[in-house]
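**Q** My questions concern the predicted model and sequence given below.
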Amino acid sequence: MKILAATGLQREARILAGPGVAVVAGGGDHARLEAELDRLAPGARGIISIGIAGALAPGLRPGDWVVADNGTDPGWAGRLAARLPGARLGAILGVDAMMAEAAGKAALHRETGALAVDMESHVAARVARRHNLPFAAARAISDAADRSLPPAARVGMRPDGGMDLPAVLRALARDPCQLPALIRTGIEAERGFRALLRGHRGLGPTLAGPVVDLDSA
């Protein structure tokens, strides 16, 4: 019985995949993500939303970790927080569309109090509830709350979670002035990916998930 991990990008999936984990990269296609999680859930022992995310709370910087304490399994959340250096416990908000504007992030933080935002956690939590499975969420920050993503960065994800480089180049060609912001976004996102890689190593092959009692399984 594997841990089922929901994430957004194929790059995240490559970092997280292993013998004890089945990873589904949503790519922003929530219907496909939910259907695939539903298909795999009967053979899972828990579902986790994990990867990179945008910060909503001021003070969170690229590479910082947030572990969800809203609607999650307390034991799993505790193990995640203990093994991810400096992790902050708090709400992680799942939304259907990319939250790319600093003003929108600030508004969401005021309205919800959530620390971070992604596009998979709400879907993963819904599937976990439906299948009566433990749920957890942990996210490495890739863009701070006061950062707005340039247009070229907003079109860079294909529906399968891969990188859409032609779309990025087309957006950049339409507005070359966004190049400095795009480079900065890439550098900061790289900090998030590096944190995800280090975090994966610290969490172990089953992402600190629930232990199966083989005698009762």
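**A** In hand now; what should we look at? Residues are numbered from 1 along each chain as shown.

**Q** By residue count, what's the longest strand in this protein?
**A** strand 44-55 (DSSP state E).

**Q** show me the contacts for the residue at minimal distance from the centre of the chain.
**A** Nearest to the mean C-alpha position of the chain, by C-alpha atoms, centre = their mean, lies Gly51 at 3.4 Å. Going by C-beta atoms under 8 Å, 6 or more residues apart in numbering, Gly51 touches 7-9, 12, 16, 118, 120, 139-140, 196. Placement of C-beta: from N, CA and C, glycine included.

**Q** Surely Ala152 and Val168 touch.
**A** Yes - with contact defined as C-beta atoms under 8 Å, Ala152 reaches Val168; the gap is 5.0 Å.

**Q** Which residue of these two possesses the greater neighbour count?
**A** Counted by other C-beta atoms under 10 Å, Ala152 and Val168 do not tie: Ala152 has more neighbours, with 23 against 20.

**Q** Could you pull out the residues contacting both of Ala152 and Val168?
**A** With C-beta under 8 Å, 6+ apart, Ala152 and Val168 have common neighbours Leu182.

**Q** now the helices: where do they sit in the chain?
**A** Taking DSSP state H as the criterion, the chain carries its helices at 10-16, 30-40, 74-83, 102-112, 121-130, 151-154, 165-174, 179-203.

**Q** mind checking which of those helices is nearest Trp65?
**A** Trp65 lies closest, by C-beta to C-beta, to one member of the helices of the chain: helix 179-203, at 6.4 Å.

**Q** who touches that closest one?
**A** For helix 179-203, contacts defined as C-beta under 8 Å, 6+ apart pick out 11-12, 15-16, 50-53, 62-65, 80, 83-85, 138, 140-144, 147, 149-150, 152-153, 168, 172, 207.

**Q** Would you mark the buried spots in that helix?
**A** For helix 179-203, a neighbour-count test (16 or more other C-beta atoms under 10 Å) marks 181-182, 185, 188-189, 191-193, 195-196, 198-200, 203 as buried.

**Q** same deal with stretch 165-178?
**A** Buried positions in stretch 165-178, judged by neighbour count with 16+ other C-beta under 10 Å: 168, 171-172, 178.

**Q** So which residues make contact with it?
**A** With C-beta under 8 Å, 6+ apart as the test, stretch 165-178 has contacts from 150-156, 179, 182.

**Q** got the CA positions of it in PDB?
**A** Output of stretch 165-178 as PDB, limited to C-alpha atoms (Å, rounded to 0.1, in the frame of the first residue of the first chain):
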ATOM      1  CA  LEU A 165       8.600  26.500 -23.100                       C
ATOM      2  CA  PRO A 166       7.100  27.600 -26.500                       C
ATOM      3  CA  ALA A 167       4.200  29.400 -24.600                       C
ATOM      4  CA  VAL A 168       6.800  31.100 -22.300                       C
ATOM      5  CA  LEU A 169       8.900  32.300 -25.300                       C
ATOM      6  CA  ARG A 170       5.800  33.600 -27.100                       C
ATOM      7  CA  ALA A 171       4.700  35.600 -24.000                       C
ATOM      8  CA  LEU A 172       8.300  36.900 -23.600                       C
ATOM      9  CA  ALA A 173       8.400  37.900 -27.300                       C
ATOM     10  CA  ARG A 174       5.200  39.900 -26.800                       C
ATOM     11  CA  ASP A 175       6.700  41.800 -23.800                       C
ATOM     12  CA  PRO A 176      10.500  41.500 -23.500                       C
ATOM     13  CA  CYS A 177      10.500  43.900 -20.600                       C
ATOM     14  CA  GLN A 178       9.300  41.100 -18.300                       C
END
